[in-house]
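Student: need coordinates for the below:
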Amino acid sequence: MPQPSPDDHARLCDLTQGEHMLLWAFRAHAFGAGGCDLIRRQFSDALGPLGIEALTALSVFVRELGLVGKRRITLAAPGSYRLTRDEQSVLAVFAAAQEEDYPRLEAHLSWLLADAPRGPFPAAACLVAQALAFGGFVLRAPEAPAARVPPLEQADGGNVVAFARRAG
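Tutor: Okay, here's the model as predicted:
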């Protein structure tokens, strides 16, 4: 009998509205659809004037993660109900920023980047997280630290995509 994946319990339906909105936008930006009018409208409706600023900061975060991150980030395909461990770590970054827990923010960023966090990451995470907080959307800190993701060649091929965009 096949063993369940370590993140079988993680589903989109378990997220709060703010977490869902954040992850949906993160995936869209990672897959090159960040300019989607539906996402822009959702952020504007939910966050008012801060919505587009938050979405722009998220775009910078995702772009820079793809450019300077030293490891591949595994994302579920847009529309998937599954959450990868990396997506849970992304949510943990923004939850730490919202709670102003900067050591935890730095730790999660270090994991995602496989390097010391620098540049726009903490500032972008804080802007997005605080905009969500002002809109009444609370991001929850994970109950347990994220586990290591299996190497890409061992990952379940289902609907999971490794995100790594490099300048060419």
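Student: how about the most centrally placed residue in the chain, nearest residue that isn't a chain neighbour?
Tutor: In the chain, the centroid-proximal residue (C-alpha atoms, centre = their mean) is residue 90; its distance is 3.5 Å. Nearest-residue entry for residue 90: residue 26, 5.9 Å, with adjacent residues in sequence omitted and distances by C-beta to C-beta, 6 or more residues apart in numbering. Yep, even glycine has a C-beta here, placed from its N, CA and C like the rest.
Student: coming back round to it: residue contacts, the residue nearest to the centre of the chain?
Tutor: Contact analysis of residue 90 by C-beta atoms under 8 Å, 6 or more residues apart in numbering lists 23, 26, 73, 112.
Student: pull up the gap between residue 33 and residue 75, please.
Tutor: The gap separating residue 33 from residue 75 is 13 Å, by C-beta to C-beta, to the nearest Å.
Student: so between the two, which is more surrounded?
Tutor: Neighbours of residue 33 and residue 75, each counted by other C-beta atoms under 10 Å, are more numerous for residue 75; the result is 23 against 13.
Student: go ahead and confirm that one touches residue 27.
Tutor: Yes. Contact criterion C-beta atoms under 8 Å: residue 75 and residue 27 qualify, at 5.8 Å.
Student: longest helix in this protein, by residue count?
Tutor: With secondary structure taken from DSSP state H, the chain has its longest helix at helix 50-68.
Student: so what sits against both of residue 75 and residue 27?
Tutor: With contacts taken as C-beta under 8 Å, 6+ apart, residue 75 and residue 27 have residue 87 as neighbours in common.
Student: what sits up against stretch 121-128?
Tutor: Stretch 121-128 is contacted from outside by 22, 53-54, 57-58, 60-61, 64-65, 93-94, 96-97, 102, 105-106, 109, 113, using C-beta under 8 Å, 6+ apart.
Student: residue 18 and residue 139 touch, don't they?
Tutor: Yes. A contact is recorded between residue 18 and residue 139 when judged using C-beta under 8 Å, the distance being 5.8 Å.
Student: identify the contacts common to those two.
Tutor: Shared contacts of residue 18 and residue 139, defined by C-beta under 8 Å, 6+ apart, are found at residue 132.
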